[in-house]
Each structure stands twice: as structure tokens, then as C-alpha cells.
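Peer 1: all I have is the shape, not the residue letters:
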């Protein structure tokens, strides 16, 4: 008989669907005083990986420069029996290349602007101006834990 832990795991496809459908990832990095630094951020899913666009001088980036290990949380559900999510232990790769940062900025802009399929010329100009002060962070998953309480069928 499978364990309850095994019963609630998300399949690979369910993990990809969750990454694609949710809008916020909580990124935990190791802060400068030894305390976890936990911040929510918008992200772009790329082939099952999480990519983040952020200020180059942010605390998150400074933490990841010092120690590239991060734990990501993507979760959803309001009631206990609806809870499902992923905890991803990952290694961060900080990208500073203008083209990489700029392309991610455009993807992020489209993803979080309802009904827009491309960045306008005006928006492109703004993103080009912002890109030198930003970075792209690619999180390489090392270990994933998942849960889906909906699979319990109301038995807790």
C-alpha cells in the first residue's frame, strides 16, 4: 500500500501545469545575517524551470551571488483539502547578458499583461532602458517536493 506521502505527489505533468498556471513564486535565499530571505516575485516558466527578472542590486541577487542555493515555493488553494504546490530546491544562475535579460523582460511583460500577445513599441523602449539595471535568474531544480491534498478525497 502506498504511503500518504506517495498518494499526494504531483506527477511530472501536474508539476509543469502548476508552474505554468501560477503567477507568483516565493524565493528563499540565504540572507547576509544567516536568516532566510523570503520574497514573492513574478516569474516566467521555461521548459519546467522558473526564471525571474529583478533588480541587479536587490538583496535577492546579492544573496544568490554569495550562495546560489535557493528554495522556491509555488502553491495554491484556500481550504486544506485544496492545497497543492511545489517546493523546489534549486541552484541559481544569474544572467547579466543584455539580450537574455531583455528577452525575459518582454516575456514577463506579456505573461502578466492580460490579453496582450506582444510588447508595444513604447513598452519595448521602456524595457530596453530598464534592462541594464536588471538581471535574469534561472533556477536549476535539484530536488522537488510536491503535494496535492485534493488527491486525499476528503480524508485527512
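Peer 2: Nice, thanks for sending it over. Bear in mind the structure is a predicted one, so any value in this text is a computation, not a measurement. Numbers count the residues shown, from 1 in each chain.

Peer 1: alpha carbons only for contacts and neighbour counts from here, please
Peer 2: Noted.

Peer 1: report all helices and strands that the helix or strand containing residue 144 contacts.
Peer 2: Using DSSP states H and E, residue 144 maps to strand 134-148. The contact analysis (3 or more CA pairs under 8 Å, 6 or more residues apart in numbering; DSSP states H and E) places strand 134-148 against strand 49-55, strand 84-95, helix 98-111.

Peer 1: now do the helix or strand following the first one against strand 84-95, angle only.
Peer 2: The element immediately downstream of strand 49-55 (helix or strand, assigned by DSSP H and E) is helix 59-66. Put simply, helix 59-66 runs at 70 degrees to strand 84-95, going by axes from the mean of the first three to the mean of the last three CA atoms, to 10 degrees.

Peer 1: next, the buried residues of the helix or strand just after helix 59-66.
Peer 2: Per DSSP H and E, the first helix or strand lying C-terminal to helix 59-66 is strand 69-76. Of all the residues in strand 69-76, those buried under the rule 16 or more other CA atoms under 10 Å are 69-75.

Peer 1: for stretch 40-52, same thing?
Peer 2: Buried residues in stretch 40-52 (16+ other CA under 10 Å): 42-45, 48-52.

Peer 1: circling back: the helices and strands packed on strand 134-148: which one's closest to residue 34?
Peer 2: In terms of CA to CA, the element of the helices and strands packed on strand 134-148 nearest to residue 34 is strand 84-95, at 17.8 Å.
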